[in-house]
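In: model the structure of this input:
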Amino acid sequence: MKTRQPSAEAASSGADAKTGILKARARALARETAREEAPGGRLEILEFSLAYERYGLETAFVREVHPLKELTRLPCTPAFVAGIINVRGQILAVIDLKRFFNLPEKGLSDLNKVIILRREGLEVGLLADAVMGVSPVPLAELQSSLPTLEGVDPDYLKGLTREALIILDAEKILTDPRLIVHEEVAP
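Out: Numbering: from 1, shown residues only. Below is the predicted model of the structure:
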């Protein structure tokens, strides 16, 4: 019995067809899918935990997340000022949001992170128990504050999501007059 050998021309046209199919698939996969924007847009949120609750801050105000190392306590500062840290030669105040909002205390550990916020030349670190990541939140999904939400002043809230993520208003935190300490020690 004799088997037929494909001609060189038929083999090359079959290879060309496969190549064409693969290129078409690659183009289809490489195309960016159109995302439907919710009315009002989206916020990109850095999610973190604090006193056993999930919180979020708008990433537009977040410079970076830094591990908590060598926190130096400062005398003559409000109780919510945890201390200062050195981040690549820059000295930053670290605010303990649990004390700032009168939330339940949870001790410091090696897992704590400092979220460094920036706004118009002011930079400050916020102490977080852990950082979970960044995710988009549709503005239409945000609900106003619940009356049962304890500790956080409603003035500092942007809203709540269906998943019980509490979105803080970073701009209000950064513009709070309590963050500027003008206390002099008598000689």
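In: report the central residue of the protein.
Out: Leu46 (1.2 Å; C-alpha atoms, centre = their mean).
In: now it: which helix or strand?
Out: Secondary structure from DSSP states H and E places Leu46 in strand 42-50.
In: before we move on, back to that, hang on, isn't the residue nearest to the centre of the chain packed against Lys113?
Out: No: contact criterion C-beta atoms under 8 Å: Leu46 and Lys113 do not qualify, at 10.2 Å. For glycine as for every other residue, the C-beta is placed from the backbone atoms N, C-alpha and C.
In: between the two, what contacts are shared?
Out: Residues touching both Leu46 and Lys113 by C-beta atoms under 8 Å, 6 or more residues apart in numbering: 65, 131.
In: any weak-confidence spans in this structure?
Out: Within the chain, the stretches with pLDDT under 70 are 1-13, 28-40, 106-111, 145-151, 181-187.
In: quick one: neighbours of Ile167, just the number.
Out: 22 (other C-beta atoms under 10 Å).
In: do Ile166 as well
Out: 21.
In: same deal with Pro154?
Out: Neighbours of Pro154 using other C-beta under 10 Å come to 11.
In: same thing with Ala24?
Out: Neighbour tally, Ala24, other C-beta under 10 Å: 10.
In: measure it to Ile85 for me?
Out: Separation of Ala24 from Ile85 (C-beta to C-beta, to the nearest Å) stands at 54 Å.
In: endpoints of stretch 158-177, how far apart?
Out: 19 Å (C-alpha to C-alpha, to the nearest Å).
In: residues contacting it, please?
Out: In contact with stretch 158-177 (C-beta under 8 Å, 6+ apart) are residues 43, 45, 47, 53-58, 60-62, 95, 100, 117, 119, 122, 124, 126, 137, 141-146, 149, 152, 155-157, 179.
In: write a ChimeraX command that selects only the buried members of those.
Out: A single ChimeraX command selects the buried members of the contacts of stretch 158-177 (16 or more other C-beta atoms under 10 Å):
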select :43,45,47,53,54,55,56,57,58,61,62,95,100,117,124,126,137,141,142,145,152,156,157,179
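In: this structure: strands as residue ranges?
Out: 42-50, 53-58, 62-67, 81-87, 90-96, 113-119, 122-128, 130-138, 157-160, 166-168 (DSSP state E).
In: reformat these as CSV; add distance to Leu174.
Out: Formatted as CSV, the strands of the chain follow (distance: least, C-beta to C-beta, whole Å):
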stretch, distance to Leu174
strand 42-50, 14
strand 53-58, 10
strand 62-67, 11
strand 81-87, 14
strand 90-96, 10
strand 113-119, 4
strand 122-128, 6
strand 130-138, 18
strand 157-160, 13
strand 166-168, 11
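In: so which of those gets nearest Lys18?
Out: Nearest of the strands of the chain to Lys18, taken as C-beta to C-beta: strand 130-138 at 38.5 Å.
In: quick one: distance of the closest one to the chain centre.
Out: With C-alpha atoms, centre = their mean, to the nearest Å as the basis, strand 130-138 stands 5 Å off its chain's centre.
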